[in-house]
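Undergrad: output the structure for:
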Amino acid sequence: MHALCIHSSDSHTDVTAECGPKRLISCFMGLFGGSDDEREEGTTPSGAPAETTKIVELYVESINNITRKTDVMGQIDPYVIVYANDVLVGKTKPVNNTNSVVVNELLVFKTKGEPLTTKLRFELMDKDDVGDDDEVGSGSFNPAVEESLENQLIHLKYKGQDIGSLSITMKIKEILLV
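TA: Prediction:
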C-alpha cells in the first residue's frame with residue numbers, strides 16, 4: 001500500500017510520498033493528538049489525567065464454625081446478606097447443610113463518599129424451604145479503624161453470644177470514568 005503522509009509542525013506542512021500502512025497511521029495520529037502507544041493509560045489526547053472514581057470489591061471468603069442451630073434436623077443452610085451504610089449491596093448464595101464453608105463470592109459497589117468511611121454490616125441467615133429464613137447472627141466491619149482490609153475475621157453474634165465468624169477481604173480500586 002502506498003499513500004501520502006502529511007507531516008505538520010508549527011513552521012510548515014510537508015507532504016511525503018509512499019508511506020506504508022503503519023507509518024500512515026502514525027502520521028494521522030501525530031496530526032490528531034499523538035499515538036496511543038505514546039500516551040499513558042488514563043490520560044486524554046492532550047495528556048491531562050482522565051476522571052476516575054473509586055469502587056469497593058468486597059470478597060466474602062468463608063463462613064466459619066457456626067455454633068447456633070436454627071434447624072431441628074441437620075445443619076444450617078447459610079448465606080450472607082451484606083449492607084454498606086445500611087444499604088443492601090448483595091447476598092451470597094445459600095449452601096446446603098453446613099456450619100463452615102468456603103464461599104468466595106464478590107460484591108462490587110460504589111460509595112457516595114470515601115470508601116474507607118463505609119460501615120459494613122453482615123447478617124448470616126439460614127435458608128429455609130418452608131417459612132421465613134432464620135437469622136443466625138450478625139457482625140460489622142469499619143474499615144476506617146483497621147490497619148488492613150485483607151483477610152479480616154468478622155465475629156458474628158446472636159443476642160450477645162458469639163456464634164462463629166466470616167472471613168472477608170475489602171479492596172478499594174480506582175477505575176476510569178469514560
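Undergrad: where does this protein dip in pLDDT?
TA: Residues of the chain that meet the criterion pLDDT under 70 lie in 1-39.
Undergrad: find the centremost residue of it, please.
TA: Centroid-nearest residue in the chain: residue 57, 2.5 Å away (criterion: C-alpha atoms, centre = their mean).
Undergrad: that one and residue 142: what is the separation?
TA: For residue 57, the distance to residue 142 (C-beta to C-beta, to the nearest Å) stands at 18 Å. All C-beta atoms are positioned from the backbone trio N, CA, C, and that covers glycine.
Undergrad: ditto for residue 168
TA: For residue 168 relative to residue 142 (C-beta to C-beta), the value is 12 Å.
Undergrad: neighbour count winner among those two?
TA: Taking other C-beta atoms under 10 Å, residue 168 and residue 142 do not tie; residue 168 has more neighbours (24 against 11).
Undergrad: okay, and that one sits in which element?
TA: strand 161-176 (DSSP states H and E).
Undergrad: how about that strand as PDB, C-alpha atoms only?
TA: C-alpha atoms of strand 161-176 as PDB (Å, rounded to 0.1, in the frame of the first residue of the first chain):
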ATOM      1  CA  GLN A 161     -23.400 -14.600  72.200                       C
ATOM      2  CA  ASP A 162     -20.500 -15.500  69.800                       C
ATOM      3  CA  ILE A 163     -21.800 -17.900  67.200                       C
ATOM      4  CA  GLY A 164     -18.900 -18.100  64.600                       C
ATOM      5  CA  SER A 165     -17.300 -15.800  62.100                       C
ATOM      6  CA  LEU A 166     -17.000 -14.700  58.500                       C
ATOM      7  CA  SER A 167     -13.800 -14.100  56.600                       C
ATOM      8  CA  ILE A 168     -13.700 -11.100  54.200                       C
ATOM      9  CA  THR A 169     -11.400  -9.000  52.100                       C
ATOM     10  CA  MET A 170     -12.200  -5.500  51.100                       C
ATOM     11  CA  LYS A 171     -10.300  -3.900  48.200                       C
ATOM     12  CA  ILE A 172     -10.700  -0.300  47.100                       C
ATOM     13  CA  LYS A 173     -10.000   0.200  43.400                       C
ATOM     14  CA  GLU A 174      -9.700   3.300  41.300                       C
ATOM     15  CA  ILE A 175     -11.300   3.000  37.900                       C
ATOM     16  CA  LEU A 176     -11.500   5.300  34.800                       C
END
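Undergrad: you'd agree residue 122 is up against residue 139?
TA: Yes - applying C-beta atoms under 8 Å as the test, residue 122 and residue 139 come out as touching, 5.2 Å apart.
Undergrad: would you map the strands across the protein?
TA: 3-8, 13-19, 52-64, 78-84, 87-91, 101-109, 120-126, 134-141, 152-158, 161-176 (DSSP state E).
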